[in-house]
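Asks: dropping a prediction and its sequence here:
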Amino acid sequence: MQDNRIAFTLNGQRITLPADTVPTQTLLDWLREGARLTGTKEGCAEGDCGACTVVLEDGARREPINACLATLGQMHGRAIRTVEGIGLAVAEALADADGTQCGFCTPGIVMSAWAWTREGGDPHEALAGNLCRCTGYRPILEAMESMRDDGAQSAVTTPTAAVFAAPGQVFHLPATLAEAVALKRALPDAWLLAGGTDLGLRFSEHRENPPAVIGLLNIP
């Protein structure tokens, strides 16, 4: 593996980050501060409230994730969609059903609902990661009943092995289990990063920058 710059597709456009980008910077921080896409909100910053929900796309698949727990290094080679990149149909359906009050949680709910129109299943489960304190879920669920898949397709992503280096930190992104095992053997103190529900807090809240990280997101 050779050093690379982190690159991904954001709302249909190819993005390549500077070579000195810290790979454990959270996607949420970069979206709001680097890309100036402030529709994605910071609520709890702990993966609990869903205000920061964005969607990973892969062909016909749409997977909601918490941007506050995802790192830029993990996004390499992937396709990301934010609330600015999906049009107004879902938001208008929520508004028509009185499914929003203060609106702070709405962008995350919009993204979860947009993914649900493609993925299907129980709408209650689709909203399990989104906390709404003031509207209540009945009008939101009623709005979802009127929503339809917009038919938009994204590119099929094929994440590959990569290494990203920043001052004081190296982020490894293996593509196979054998590569991950070899890296862990060579770097026994490296952090193993998968879903990020615990380590993501150490990046986002405690601002820790471990010298070595092995990201497992690309391994089947």
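Replies: Yep, that arrived. Residues are numbered from 1 along each chain as shown.

Asks: contacts for the lowest-mean-pLDDT helix or strand in the chain?
Replies: Here the helix or strand of the chain ranked lowest by mean pLDDT, DSSP states H and E is helix 199-204, holding a mean of 91. Contacts with helix 199-204, where a contact means Cβ atoms under 8 Å, 6 or more residues apart in numbering, come from 24-26, 28-29, 45-47, 66, 68-71, 191, 193, 196, 208-209. For glycine as for every other residue, the C-beta is placed from the backbone atoms N, C-alpha and C.

Asks: burial check on the residue lying closest to Pro18 once chain neighbours are set aside, number of neighbours?
Replies: Excluding its sequence neighbours, the residue lying closest to Pro18 (Cβ to Cβ, 6 or more residues apart in numbering) is Arg5, at 7.1 Å. By other Cβ atoms under 10 Å, 13 other residues sit near Arg5.

Asks: now do the same for Arg5: helix, strand or coil?
Replies: Here Arg5 is recorded as coil under DSSP: H, G, I helix; E, B strand; the rest coil.

Asks: check the one 3 residues further on too.
Replies: The assignment at Phe8 comes out as strand when based on three-state DSSP.

Asks: number the chain from 45, please
Replies: Okay, using 45 as the starting number, the last item reads as Phe52.

Asks: give me the buried subset of the contacts of helix 243-248.
Replies: 68-70, 72-73, 89, 91, 110, 112-115, 235, 237, 240, 253 (16 or more other Cβ atoms under 10 Å).

Asks: helices or strands up against the top helix by length along the chain?
Replies: When the chain is parsed with DSSP state H, its longest helix is helix 150-163. Helices and strands touching helix 150-163, by 3 or more Cβ pairs under 8 Å, 6 or more residues apart in numbering; DSSP states H and E, are strand 97-102, strand 105-110, helix 133-140, helix 167-170, helix 181-189.
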